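Engineer: Build me a model:
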Amino acid sequence: MTVRDAIDSIYEVFGLPGNAAAPTIMKRRIFNDLNSAMQLLWAKGNRLFDFYTRRIQTVTVASGTDSIELSDDVQSVLGPVKIASNNVLLRPIRTRGEYDAFYSIYANSLTALANAAPQAYYVEANRSASGPDATTITLFVVPKPTTNTNLVMEVTLKAPSFTETDYNASPSTSIPIPHNYAETLLLPIARYVACSSLFFADKSKQREPQLKAEYDRALQSLAEAST
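Structural biologist: Numbering: from 1, shown residues only. As a prediction, the model looks like this:
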């Protein structure tokens, strides 16, 4: 299912044929409703969408540096993290204190380790300078590599967020969930969320019980999938 398919389906709640016929304020609300539904599915549908919420990622830690900032769509590092060239696994470090004192805790050294192939990694999440709601995920390694080093890891992804640009793209952006789950889970949730809008005409209120029933069935399916 594409963003255009989903958005146009939500507009059916308001009796509109699609995005072009809607005022700007309604467009903003409809895209927010779709993104809210995606976030709910990402949070509660982890077993259903597990293979959509994960990715194998390769990053390059530059020679003489100790960290790399991961791409914006990464939510967390699942591990394991390994050196791509030889599949050597890096030791996970759970706290910043352990990372900073790695040379004394794990290497029995009084000074920082000389540059060499990384042995361990630490993942740190911080608020991004780009905005109050944005975060950055940084992967730190120890020791610093002597050459540019590719690391391979499994990561979890943030819930995707769509805009009018995705709707208008040719072809329209695909929504990263299986089509049958889009029909039975995503759309019922998004439509019901949308019906709380002030744009939901009084004459359409007769549809609200049906939308609520479909929404409840979708939530029940998510609950059953998480047990």
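Engineer: Count residues in the vicinity of residue 210, would you?
Structural biologist: 12 (other C-beta atoms under 10 Å). For glycine as for every other residue, the C-beta is placed from the backbone atoms N, C-alpha and C.
Engineer: other SSEs contacting the strand or helix carrying it?
Structural biologist: Element membership of residue 210, judged by DSSP states H and E, is helix 208-225. Under the contact definition 3 or more C-beta pairs under 8 Å, 6 or more residues apart in numbering; DSSP states H and E, helix 208-225 sits against helix 24-44, helix 187-194.
Engineer: give me that answer again for 10 Å
Structural biologist: helix 24-44, helix 179-181, helix 187-194 (3 or more C-beta pairs under 10 Å, 6 or more residues apart in numbering; DSSP states H and E).
Engineer: and residue 56, what does it touch?
Structural biologist: By C-beta atoms under 10 Å, 6 or more residues apart in numbering, the residues touching residue 56 are 78, 152-155.
Engineer: Can you tell me which helix or strand of the protein has the lowest average pLDDT?
Structural biologist: helix 179-181 (a mean of 83; mean pLDDT, DSSP states H and E).
Engineer: Show me the contact partners of that one.
Structural biologist: Around helix 179-181, the neighbours that count as contacts under C-beta under 10 Å, 6+ apart are 1, 5, 41, 45, 48-49, 52, 175, 186-187, 218, 221-222, 225.
Engineer: Tell me which two of those residues sit farthest apart.
Structural biologist: Farthest apart among the contacts of helix 179-181 by C-beta to C-beta are 5 and 225. That separation is 23.0 Å.
Engineer: so residue 126 makes contact with residue 140?
Structural biologist: No: shown here, residue 126 and residue 140 do not form a contact pair, counting by C-beta atoms under 10 Å, at 11.7 Å.
Engineer: which of these two has more neighbours?
Structural biologist: For residue 126 versus residue 140, neighbours defined as other C-beta under 10 Å are more numerous around residue 140 (21 against 11).
Engineer: which element is that one on?
Structural biologist: Judged by DSSP H and E, residue 140 forms part of strand 135-142.
Engineer: for residue 60, same thing?
Structural biologist: Here residue 60, judged by DSSP H and E, is contained in strand 54-61.
Engineer: Each with direction, which strands does that strand pair with?
Structural biologist: strand 149-157 (antiparallel) (DSSP bridges).
Engineer: Now do the strand it pairs with and strand 135-142, the angle between them.
Structural biologist: Between strand 149-157 and strand 135-142, the angle comes out at 150 degrees (axes from the mean of the first three to the mean of the last three C-alpha atoms, to 10 degrees).
Engineer: So for strand 149-157, what gets flagged as buried?
Structural biologist: 149, 151, 153, 155-157 (16 or more other C-beta atoms under 10 Å).
Engineer: ok, and what's touching the very next helix or strand once past that strand?
Structural biologist: Counting by DSSP H and E, the element after strand 149-157 in chain order, helix or strand, is helix 164-168. Under the criterion C-beta under 10 Å, 6+ apart, residues 2-8, 18-20, 24, 27-28, 30-31, 34, 160, 172-175 lie in contact with helix 164-168.
Engineer: redo that, cut-off 6 Å
Structural biologist: Where contact means C-beta atoms under 6 Å, 6 or more residues apart in numbering, the residues beyond helix 164-168 that reach it are 3-4, 7, 19, 173.
Engineer: Right, I'll call it a day here.
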